[in-house]
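**Student:** Prediction below, plus the sequence it came from.
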Amino acid sequence: MVRPRLSFPAPLLPLLLLLAAAAPAVPGATGTCPERALERRKEEANVVLTGTVEEILNVDPVQHTYSCKVRVWRYLKGKDVVAQESLLDGGNKVVIGGFGDPLICDNQVSTGDTRIFFVNPAPPYLWPAHKNELMLNSSLMRITLRNLEEVEFCVEDKPGIHFTAAPSMPPDVCRGMLCGFGAVCEPSV
(Lines give C-alpha, C1' and ligand atoms only; values in the text may rest on other atoms or scores of the structure.)
Protein backbone atom coordinates (compact mmCIF):
# COMPACT_ATOMS: atom_id res chain seq x y z
CA MET A 1 0.00 0.00 0.00
CA VAL A 2 1.35 3.38 -0.99
CA ARG A 3 0.81 6.19 1.47
CA PRO A 4 0.49 9.76 0.22
CA ARG A 5 3.32 11.91 1.50
CA LEU A 6 2.82 15.52 2.47
CA SER A 7 5.57 17.82 1.34
CA PHE A 8 6.08 21.48 2.18
CA PRO A 9 8.55 23.98 0.85
CA ALA A 10 11.65 23.92 3.10
CA PRO A 11 11.19 27.42 4.61
CA LEU A 12 7.52 26.76 5.43
CA LEU A 13 8.03 23.53 7.42
CA PRO A 14 9.76 25.11 10.49
CA LEU A 15 7.07 27.80 10.64
CA LEU A 16 4.28 25.21 10.60
CA LEU A 17 6.00 23.18 13.34
CA LEU A 18 6.41 26.32 15.45
CA LEU A 19 2.72 27.23 15.03
CA ALA A 20 1.62 23.70 15.94
CA ALA A 21 3.77 23.73 19.07
CA ALA A 22 2.73 27.22 20.18
CA ALA A 23 -1.03 26.95 19.53
CA PRO A 24 -1.95 25.34 22.88
CA ALA A 25 -0.23 28.19 24.74
CA VAL A 26 -2.43 30.86 23.13
CA PRO A 27 -5.63 31.43 25.16
CA GLY A 28 -8.67 30.23 23.24
CA ALA A 29 -6.53 28.68 20.45
CA THR A 30 -7.57 25.17 21.36
CA GLY A 31 -11.21 26.11 20.79
CA THR A 32 -12.23 25.20 24.33
CA CYS A 33 -12.26 27.21 27.49
CA PRO A 34 -13.28 25.41 30.66
CA GLU A 35 -16.08 27.33 32.35
CA ARG A 36 -17.10 26.64 35.92
CA ALA A 37 -20.61 25.36 36.66
CA LEU A 38 -23.27 28.02 37.10
CA GLU A 39 -23.77 27.10 40.77
CA ARG A 40 -20.06 27.62 41.49
CA ARG A 41 -19.97 30.89 39.52
CA LYS A 42 -22.94 32.15 41.55
CA GLU A 43 -21.28 31.13 44.83
CA GLU A 44 -17.99 32.85 43.94
CA ALA A 45 -19.66 36.12 42.88
CA ASN A 46 -20.94 38.47 45.57
CA VAL A 47 -22.99 40.37 42.99
CA VAL A 48 -24.94 39.10 39.96
CA LEU A 49 -26.57 41.75 37.80
CA THR A 50 -27.94 42.40 34.34
CA GLY A 51 -26.84 45.52 32.53
CA THR A 52 -25.87 47.26 29.31
CA VAL A 53 -22.35 48.48 28.53
CA GLU A 54 -22.53 52.24 27.97
CA GLU A 55 -18.88 53.22 27.80
CA ILE A 56 -15.46 51.55 27.65
CA LEU A 57 -12.93 53.09 30.05
CA ASN A 58 -9.38 52.67 31.35
CA VAL A 59 -7.92 50.59 28.52
CA ASP A 60 -4.55 49.14 29.60
CA PRO A 61 -2.38 48.87 26.46
CA VAL A 62 0.08 46.49 28.14
CA GLN A 63 -2.29 44.02 29.83
CA HIS A 64 -5.05 44.47 27.18
CA THR A 65 -7.64 44.80 29.93
CA TYR A 66 -10.30 47.45 30.32
CA SER A 67 -13.21 48.63 32.45
CA CYS A 68 -16.72 49.56 31.41
CA LYS A 69 -19.47 51.82 32.67
CA VAL A 70 -22.56 49.60 32.85
CA ARG A 71 -26.19 50.70 33.23
CA VAL A 72 -27.70 48.25 35.72
CA TRP A 73 -31.14 46.92 34.83
CA ARG A 74 -31.56 44.44 37.65
CA TYR A 75 -29.66 42.97 40.59
CA LEU A 76 -30.19 39.21 40.81
CA LYS A 77 -27.89 38.91 43.84
CA GLY A 78 -25.97 41.18 46.17
CA LYS A 79 -27.43 44.66 45.69
CA ASP A 80 -26.56 45.38 49.32
CA VAL A 81 -22.90 44.46 48.64
CA VAL A 82 -22.45 47.31 46.14
CA ALA A 83 -21.07 50.27 48.08
CA GLN A 84 -22.78 53.62 47.68
CA GLU A 85 -19.46 55.04 46.41
CA SER A 86 -19.51 52.54 43.53
CA LEU A 87 -22.82 53.78 42.14
CA LEU A 88 -22.80 56.44 39.41
CA ASP A 89 -25.41 58.70 37.81
CA GLY A 90 -28.05 58.47 40.51
CA GLY A 91 -27.38 54.85 41.41
CA ASN A 92 -28.22 53.03 38.19
CA LYS A 93 -24.67 52.68 36.78
CA VAL A 94 -21.50 50.97 37.99
CA VAL A 95 -17.95 50.57 36.68
CA ILE A 96 -16.92 46.96 36.09
CA GLY A 97 -13.27 46.07 35.50
CA GLY A 98 -11.45 42.92 34.43
CA PHE A 99 -12.58 42.75 30.81
CA GLY A 100 -9.89 41.20 28.63
CA ASP A 101 -8.55 39.04 31.48
CA PRO A 102 -7.13 35.87 29.86
CA LEU A 103 -8.21 33.79 32.88
CA ILE A 104 -11.89 34.47 32.11
CA CYS A 105 -13.35 32.75 29.04
CA ASP A 106 -16.06 35.04 27.65
CA ASN A 107 -14.98 38.51 28.72
CA GLN A 108 -15.13 40.81 25.69
CA VAL A 109 -17.88 43.40 25.26
CA SER A 110 -18.72 46.34 23.05
CA THR A 111 -20.74 49.43 23.77
CA GLY A 112 -24.45 48.50 23.75
CA ASP A 113 -23.98 44.85 24.78
CA THR A 114 -26.46 43.64 27.42
CA ARG A 115 -25.22 40.76 29.56
CA ILE A 116 -25.49 38.96 32.89
CA PHE A 117 -22.43 39.95 34.96
CA PHE A 118 -20.90 37.90 37.81
CA VAL A 119 -18.80 40.39 39.80
CA ASN A 120 -17.14 41.16 43.14
CA PRO A 121 -16.04 44.45 44.67
CA ALA A 122 -12.43 45.25 43.71
CA PRO A 123 -10.02 43.93 46.37
CA PRO A 124 -7.79 46.48 48.16
CA TYR A 125 -4.62 45.35 46.34
CA LEU A 126 -6.13 46.78 43.12
CA TRP A 127 -6.66 50.20 44.72
CA PRO A 128 -6.40 53.07 43.94
CA ALA A 129 -6.67 52.28 40.20
CA HIS A 130 -9.85 50.19 40.65
CA LYS A 131 -11.26 51.53 43.91
CA ASN A 132 -15.08 51.63 43.86
CA GLU A 133 -15.15 49.29 40.86
CA LEU A 134 -16.70 45.87 40.60
CA MET A 135 -14.44 43.23 39.05
CA LEU A 136 -15.51 40.55 36.60
CA ASN A 137 -15.40 37.18 38.34
CA SER A 138 -16.33 34.75 35.56
CA SER A 139 -17.61 34.64 31.99
CA LEU A 140 -20.42 36.88 30.87
CA MET A 141 -23.75 35.36 29.89
CA ARG A 142 -25.92 36.58 27.05
CA ILE A 143 -29.43 37.69 27.95
CA THR A 144 -31.86 34.97 26.86
CA LEU A 145 -35.00 33.72 28.56
CA ARG A 146 -33.30 30.40 29.28
CA ASN A 147 -30.17 32.04 30.75
CA LEU A 148 -32.20 34.45 32.88
CA GLU A 149 -34.35 31.63 34.26
CA GLU A 150 -31.31 29.44 34.96
CA VAL A 151 -29.50 32.23 36.81
CA GLU A 152 -32.61 33.33 38.73
CA PHE A 153 -33.38 29.78 39.90
CA CYS A 154 -29.72 29.22 40.76
CA VAL A 155 -29.55 32.45 42.78
CA GLU A 156 -32.82 31.57 44.54
CA ASP A 157 -31.45 28.05 45.22
CA LYS A 158 -34.35 26.32 43.51
CA PRO A 159 -33.41 22.87 42.16
CA GLY A 160 -33.41 21.89 38.50
CA ILE A 161 -33.77 23.81 35.31
CA HIS A 162 -37.22 25.33 35.10
CA PHE A 163 -37.36 26.49 31.52
CA THR A 164 -40.94 26.18 30.33
CA ALA A 165 -41.26 24.27 27.08
CA ALA A 166 -43.53 25.48 24.30
CA PRO A 167 -46.94 23.75 24.26
CA SER A 168 -47.16 20.95 21.72
CA MET A 169 -49.18 21.73 18.59
CA PRO A 170 -51.53 19.24 16.91
CA PRO A 171 -50.14 17.86 13.63
CA ASP A 172 -51.03 19.85 10.51
CA VAL A 173 -53.44 17.79 8.33
CA CYS A 174 -52.28 19.66 5.22
CA ARG A 175 -48.60 18.84 5.66
CA GLY A 176 -47.25 17.07 2.61
CA MET A 177 -50.39 17.59 0.51
CA LEU A 178 -50.52 19.50 -2.75
CA CYS A 179 -53.67 21.62 -2.85
CA GLY A 180 -54.92 24.33 -5.18
CA PHE A 181 -55.08 27.98 -4.08
CA GLY A 182 -57.89 28.54 -1.57
CA ALA A 183 -58.51 24.80 -1.09
CA VAL A 184 -59.53 23.55 2.35
CA CYS A 185 -57.59 20.59 3.76
CA GLU A 186 -59.56 17.94 5.60
CA PRO A 187 -58.19 14.87 7.30
CA SER A 188 -58.86 11.67 5.37
CA VAL A 189 -60.89 9.13 7.30
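**Tutor:** Nice, thanks for sending it over. Numbers count the residues shown, from 1 in each chain.
**Student:** residues contacting Glu44?
**Tutor:** Arg36, Phe118, Asn120, Asn137, Ser138 (C-beta atoms under 8 Å, 6 or more residues apart in numbering). From N, CA and C alone the C-beta is placed, and that goes for glycine too.
**Student:** Now, those that are in strands?
**Tutor:** When DSSP state E is applied, those are split such that Phe118, Asn120 fall in strands.
**Student:** Could I have the PyMOL command that selects the buried members from the contacts of Glu44?
**Tutor:** Filtering those down to the buried ones (16 or more other C-beta atoms under 10 Å) takes a single PyMOL command:
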select buried, resi 118+120+137+138
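**Student:** what's the closest of the contacts of Glu44 to Lys131?
**Tutor:** Of all the contacts of Glu44, Lys131 sits closest to Asn120, with 13.7 Å by C-beta to C-beta.
**Student:** Need the per-residue pLDDT for that closest one.
**Tutor:** Looking at Asn120, its pLDDT is 92.
**Student:** Provide the partner residues of it in its beta bridges.
**Tutor:** Counting by DSSP bridges, Asn120 is bridged to Met135.
**Student:** pretty sure it is touching Val47, no?
**Tutor:** Yes. With contact defined as C-beta atoms under 8 Å, Asn120 reaches Val47; the gap is 6.7 Å.
**Student:** helices and strands of the protein: which one bottoms out on pLDDT?
**Tutor:** Lowest by mean pLDDT, DSSP states H and E among the helices and strands of the chain is helix 12-22, with a mean of 49.
**Student:** Following element in sequence after that helix, please.
**Tutor:** Sequence order places helix 38-44 as the next helix or strand after helix 12-22, per DSSP states H and E.
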